[in-house]
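K.L.:
fold the stuff below for me.
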Amino acid sequence: MIRLSLWLLTTLTIIAGLGGVQIADAQTVSTASAFPSKPIRLLIPTPPGSSVDIGARVLAEVLRERLGQPVLVENRPGAGGTIAAAEVARAPADGHLLFVGFNGPLATAPLLFSKLTYDPFKSFEPIIATVAQPHVLAVKTDAPGTVREWIAQVRARPGRLNYASVGNASASHLSMELLKAEAGLFIVHIPYGGGPAATQALISGDVDALFTALSNVQTQAKAGRLKILASVDETRSSALPDLATLAESGLPRVVAPLWNGIVAPAGTPRDVIQKLNTEVNWALAQPEVRARLHSAGMEILGGPPDRLARMMRDEITKWGPIVQRTGVRLD
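P.N.:
Residues are numbered from 1 along each chain as shown. As a prediction, this is how the structure comes out:
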């Protein structure tokens, strides 16, 4: 009798366990199938018209129909992108509020801000790397026409020239600080609230130079309102094959690729992350999307979530020693 009771208890325990697995599996499936259940909001850490904003809006247009819900782009510029990033980090982990960021708030911000309210590597689930953007050095129209000549001019006028960035802690900011350290320059930093404002400051003559995404300055360069001297990428961009890199100009350690990626709050279900990754990869493969992004000077990335996670890790590994050597801090 005792043996029979033990057998029944064991059998019922196994059945209950199997039922739990089936319920868990059903819940996993239903999470993805029910997503999205309301509009998806894309939080952008830069103002309208910036390079990050342009790329996000192109994707939002095609994802609306695909996902069956509105995909809304909301701009939250400020503090090097960390205001928007912190808002997403605090959001419910259901995939309906996403952060479309770049190198700074997604990787290097902890090197520069000691009081961040989020951790890029603990507060987010990577979804996808979307685009890379040629990162260029732009100067005023009356500046010298080569990198070497421009550097000589800055050296001859220590502290009398200044440069804009698209914001504190941005790749735009760090790239010039790296160039300053490598070339022995004294040039003053003036941060602006995004690419459009920084570009306008250069055109109006309020600043003398700017590192920024090509999409922020290519139209103005074609119109003759500013000059593009070089890129700070590892290799020449297909969008500007005749533009030399700073490495080719004798500064091999001044390399700072620019990329964008999408993340969700930590704890977002894996199947929701995978669904978002699949749909954004689909969008990036559409000919009209590729054409629009290429026309804005962007190069398509895409791939699995792990690709973005690796890019984030590589970024902080690269900039950690540089920030320590240059002494750049923001608080």
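K.L.:
helix/strand/coil for the nearest residue to residue 147 once chain neighbours are set aside?
P.N.:
Computed as C-beta to C-beta, 6 or more residues apart in numbering, the closest residue to residue 147 that is not its neighbour in sequence is residue 249, at 4.1 Å. All C-beta spots, glycine's among them, are computed from the backbone N, C-alpha and C. The three-state label given to residue 249 by DSSP: H, G, I helix; E, B strand; the rest coil is coil.
K.L.:
neighbours around residue 249, how many?
P.N.:
Taking other C-beta atoms under 10 Å as the criterion, the count of residues near residue 249 is 18.
K.L.:
same check, this time on residue 207
P.N.:
25.
K.L.:
quick check: it vs residue 267, distance?
P.N.:
Distance of residue 207 to residue 267, computed by C-beta to C-beta, to the nearest Å: 42 Å.
K.L.:
try residue 240
P.N.:
Applying C-beta to C-beta, the value for residue 240 to residue 267 is 41 Å.
K.L.:
more neighbours: which of those two?
P.N.:
Neighbour comparison, residue 240 and residue 267: the larger count goes to residue 240, with 18 against 11 (by other C-beta under 10 Å).
K.L.:
what distance do you get for the more buried one to residue 159?
P.N.:
From residue 240 over to residue 159 the distance is 31 Å, taken as C-beta to C-beta.
K.L.:
same check on residue 328?
P.N.:
17 Å.
K.L.:
burial measure for residue 77, as a count.
P.N.:
By other C-beta under 10 Å, 22 other residues sit near residue 77.
K.L.:
with residue 250 instead?
P.N.:
12.
K.L.:
and it, its phi and psi?
P.N.:
In terms of degrees, to the nearest 10, the main-chain angles of residue 250 are phi 100, psi 10.
K.L.:
roughly how far apart are it and residue 122?
P.N.:
40 Å.
K.L.:
below-threshold pLDDT in this protein: ranges please.
P.N.:
Residue ranges of the chain with pLDDT under 70: 1-31, 331.
K.L.:
the chain - how does it break down into domains?
P.N.:
The chain is divided into the following domains under automatic domain parsing: 38-132+257-326, 135-231.
K.L.:
now do the same end-to-end measure for the longest one.
P.N.:
Counting by C-alpha to C-alpha, to the nearest Å, you get 46 Å between the two ends of domain 38-132+257-326.
K.L.:
who are the packing partners of the host helix or strand of residue 325?
P.N.:
Assigned by DSSP states H and E, residue 325 belongs to helix 305-326. Applying 3 or more C-beta pairs under 8 Å, 6 or more residues apart in numbering; DSSP states H and E, we find helix 305-326 packed against helix 109-112, strand 124-133, helix 171-183, strand 258-265, helix 270-285.
K.L.:
tell me which helix or strand comes right after the third one.
P.N.:
In the C-terminal direction, the helix or strand that comes right after helix 171-183 (DSSP H and E) is strand 188-191.
K.L.:
on that earlier part again, now tabulate the helices and strands packed on helix 305-326 in JSON lines and tack on mean neighbour count and distance to residue 71.
P.N.:
Listed next are the helices and strands packed on helix 305-326 as JSON lines, based on neighbours: other C-beta atoms under 10 Å; distance: least, C-beta to C-beta, whole Å:
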{"stretch": "helix 109-112", "mean neighbour count": "22", "distance to residue 71": "26"}
{"stretch": "strand 124-133", "mean neighbour count": "25", "distance to residue 71": "13"}
{"stretch": "helix 171-183", "mean neighbour count": "23", "distance to residue 71": "26"}
{"stretch": "strand 258-265", "mean neighbour count": "24", "distance to residue 71": "11"}
{"stretch": "helix 270-285", "mean neighbour count": "18", "distance to residue 71": "10"}
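K.L.:
quick check: which of the ones you listed is nearest to residue 221?
P.N.:
Across the helices and strands packed on helix 305-326, residue 221 has its closest neighbour in strand 124-133 (14.6 Å, C-beta to C-beta).
K.L.:
wait, is residue 101 part of a strand?
P.N.:
Yes - checked against three-state DSSP, residue 101 lies within a strand.
K.L.:
and the most centrally placed residue in the chain, what does it touch?
P.N.:
Among the residues of the chain, the one closest to the centroid is residue 102, at 1.5 Å (C-alpha atoms, centre = their mean). The contact partners of residue 102, by C-beta atoms under 8 Å, 6 or more residues apart in numbering, come to 45, 46, 52, 81, 170, 171, 258, 259, 260, 261.
K.L.:
and it, how close does it get to residue 170?
P.N.:
Taken as C-beta to C-beta, the span from residue 102 to residue 170 is 7 Å.
K.L.:
find residues that contact each of the two.
P.N.:
residue 81.
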